[in-house]
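Q: starting from these lines, generate the structure:
(chains A, B and C)
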Amino acid sequence: MTETLTGDAPVSRAAALPRHPPGDLAIWVFILAELLAFGVFFAVYAVTRMKNAALFDAMQPNLDRNAGAINTVLLLAGSWCVARSVDSIARDARPASVRWLGAAIACGGGFLVVKVFEYAAKFAAGINLATNDFYMFYLSLTFFHFMHVILGMAILIAVWIKARAGGYSAADHRGMETGAAYWHMVDLVWIILFPLVYVMR
Amino acid sequence: MQYKSQAVAKPYFIAALALFVAQILFGLIMGLQYVWGDFLFPHIPFNVARMVHTNALIVWLLMGFMGAAYYLVPEEAETELHSPKLAIALFWIFLVAAGLTVVGYLTVPYATLAKVTGNDLLPTMGREFLEQPLLTKAGIVVVALAFLFNITMTILKGRKTAINTVLLLGLWGLAVMFLFSFYNPDNLVKDKFYWWWVVHLWVEGVWELILGAILAFVLIKITGVDREVIEKWLYVIITLTLVTGIIGTGHHYYWIGTPEYWQVWGSIFSALEPIPFFAMTLFAFNMVNRRRREHPNKAATLWALGTGVMAFLGAGVWGFLHTLAPVNFYTHGTQITAAHGHMAFYGAYVMVNLTIISYAMPLMRGRAANSNKSQVTEMWGFWLMTVSIVFITLFLTAAGILQVWLQRVSDNPMPFMMAQDQASLFYWLREWTGVVFLVGLVVYLASFFIKGEEKAAA
Amino acid sequence: MNVTPTRGIARRLDLVFAFLVAATGVTWLVGETGSAGPAAVALILGLALVKGWLVIREFMLLRRASLLWNLVVAGWLVLILATIALTYWKALR
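A: Sure, this is the predicted structure:
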């Protein structure tokens, strides 16, 4: 007849797992998967470069390293702002928390703008995925990352909206920590990407 | 069974199982033709048997999905199905159309079938798995849309759960991707490019959403674990699926004339496709471990756990073995492909259908679970079929390795048919194992007719 | 999670950020000089390691998580950078 659940108290998740970082466990599973995907991509880049070192070294100077560096600083700033935001909410400083989030979103937006200009210049020069192996990796790696910055910003904006509406407090800001964790992942990936693709030779 | 209209699932499940039998019989015919080429020639040549085998598989899996949806959606949405009558009507339309199509394959020369069914108007025939006449394809679209209408209306008027939402997303995705079967470009590269939008984005995309939703539903019912926990896992699994599977389509774009970067993208993303299957396995075992109740349907529990494991092995592991471009360069289109295909389809989609049937059929017949005797018989069926498919896969893998070695890797490559000859031992072994599989299927079906002391619905 | 309501944590985050920017500056400078070869590669990878470690520990707050989580995430960082280092070394030979 009825297949209803029993009325037991929920199993304590904390008891079942080693203590995971702040934020929902689900986002950390996702983060690990993302890190794996990027990691494999980086490894394939590195191996391909190993086989075509001359080509890669020859093409690399054509990249806009300044844009890359600015973008690195923007993402680091974004992460800093997000971390400060979480720290604020942990002390129940809600308006400050919202402001820090806004700043983080601005940094992310800045990244996107810089990237768009960078791409525009490349496409105007006739560079595309089929130009050569280096450019194929440059474009696909950075574009893949670009998409993640967009997703990260979408998450931050959602968190920002909820924060503005008073949805978080010192006692309960798990959602903010969850969004923050994802954003930091996006930053962490770029910390490898920038030196690898733009600088190292 | 909480809602009367859930009963419409029953005919779908029964027809699905009947078509499953047909699928296996034609599989056995082909297996024999591998080693005795003239078997049933010219009455049922290999290519016709193949069409029946693959089309029957797909139709029965679709019927299973529809039955699963009709069963679980009213219970999840906590409301009766929008139109049980429509569901039954669609059942007969779908079944008859499928039956007529198979009769067409078997009795009419394919070129004639094409002509009389209007293939000249819009050519859609002649491609693997999509051999159906235009009429049948159109019929499938109509049936699918009406089915989706029925299910969507039910969900809209009731509770919208994560399971419902994911299932609906998967089913709508299934329908939308099927539309690409109508797009048949003249350019062979584009033809193949878009063909995979049906096939890959089905089985390595939206079908996985359907699989996840059905598995989650059954696990909630048989383990009693918190819905929130299970739904969270479901979201993680489908996210992993889509993130890996969409660009993972690229592992079909290595050698068909598309740009070379697909070899990089396809390799990277498809290498990660086993992850959602691994998560599904962890998920299933974890939930059963944390169960809050001892559900009397042990057979359904076995099917649920088995689905996770076999899907991971067949789709995940065997898929991974030949997904990287440097490997695939040698194994493309060989028995390695067949090995993977069989265990993947069985492990993921056959087994999830048998899981929901195992869970739902007793309830629709008025009991929480079948008698001990019936369940034990069913479990015998499970083991016979599952172990058989593992061995079939192993034998085909052996045949494939031999084929790759002889035909592609060696210093003096052997022509195709000569290499096939060398593999005939493995094909015989496969065929006999296939007979065991059929025995398992018969045992499984027999379990439905075994009586005994049934567990009353709680 | 026990968070003492002081400004200590905020100060810590500020310092980490300042260091990260400085490290980025160094990497950029190396790029400006066009330096190539083992020393430059080692320096840049070393900086990436430190930057990554700081983001993981201080921003993602892995320092409040179990050893296992730290091993996994930091392990990822080390593994990727080591792989990169290996390919660069092999390319130079």
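Q: can you give me the helices in chain A?
A: A:13-16, A:25-51, A:53-59, A:65-90, A:94-124, A:133-164, A:174-193 (DSSP state H).
Q: let me have those in CSV, extended by mean pLDDT and mean neighbour count.
A: Any C-beta I mention is one placed from the backbone N, CA and C, and that applies to glycine too. Listed next are the helices of chain A as CSV, based on pLDDT from 0 to 100; neighbours: other Cβ atoms under 10 Å in any protein chain shown:
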stretch, mean pLDDT, mean neighbour count
helix A:13-16, 44, 9
helix A:25-51, 94, 19
helix A:53-59, 96, 15
helix A:65-90, 97, 24
helix A:94-124, 97, 18
helix A:133-164, 97, 19
helix A:174-193, 97, 24
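Q: format these as TSV; extra columns: distance to B:Thr136.
A: Putting the helices of chain A into TSV (distance: least, Cβ to Cβ, whole Å) gives the following:
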stretch	distance to B:Thr136
helix A:13-16	49
helix A:25-51	39
helix A:53-59	51
helix A:65-90	53
helix A:94-124	45
helix A:133-164	39
helix A:174-193	45
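Q: now for the ones you listed, which one comes closest to B:Met153?
A: helix A:133-164 (29.7 Å; Cβ to Cβ).
Q: helices or strands next to the closest one in the packing?
A: helix A:25-51, helix A:53-59, helix A:65-90, helix A:94-124, helix A:174-193, helix B:261-271 (3 or more Cβ pairs under 8 Å, 6 or more residues apart in numbering or on different chains; DSSP states H and E).
Q: dump these to a markdown table, plus distance to chain C.
A: Listed next are the helices and strands packed on helix A:133-164 as a markdown table, based on distance: least, Cβ to the nearest Cβ, whole Å:
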| stretch | distance to chain C |
| --- | --- |
| helix A:25-51 | 4 |
| helix A:53-59 | 4 |
| helix A:65-90 | 4 |
| helix A:94-124 | 10 |
| helix A:174-193 | 5 |
| helix B:261-271 | 14 |
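Q: export those helices as CSV, with columns for distance to A:Leu139.
A: What follows is these, written out as CSV (distance: least, Cβ to Cβ, whole Å):
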stretch, distance to A:Leu139
helix A:25-51, 12
helix A:53-59, 12
helix A:65-90, 14
helix A:94-124, 8
helix A:174-193, 13
helix B:261-271, 9
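Q: could I get the buried residue list for stretch B:219-237?
A: B:219-226, B:229-237 (16 or more other Cβ atoms under 10 Å in any protein chain shown).
Q: from the residues you listed, which land in helices?
A: B:219-223, B:229-237.
Q: kindly format the C-alpha coordinates of the helix or strand containing B:Leu215 as CSV.
A: Per DSSP states H and E: B:Leu215 is located in helix B:207-223. Output in CSV follows, covering the C-alpha atoms of helix B:207-223 (Å, rounded to 0.1, in the frame of the first residue of the first chain):
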residue,chain,number,x,y,z
TRP,B,207,19.5,8.7,-21.1
GLU,B,208,21.8,8.9,-18.1
LEU,B,209,19.5,11.5,-16.6
ILE,B,210,16.6,9.0,-17.0
LEU,B,211,18.8,6.3,-15.5
GLY,B,212,19.7,8.4,-12.5
ALA,B,213,16.2,9.5,-11.8
ILE,B,214,14.8,5.9,-12.0
LEU,B,215,17.6,4.6,-9.8
ALA,B,216,17.1,7.4,-7.3
PHE,B,217,13.4,6.7,-7.1
VAL,B,218,13.9,3.0,-6.5
LEU,B,219,16.6,3.6,-3.9
ILE,B,220,14.3,6.0,-2.0
LYS,B,221,11.6,3.4,-1.9
ILE,B,222,13.7,0.4,-0.9
THR,B,223,16.1,2.0,1.5
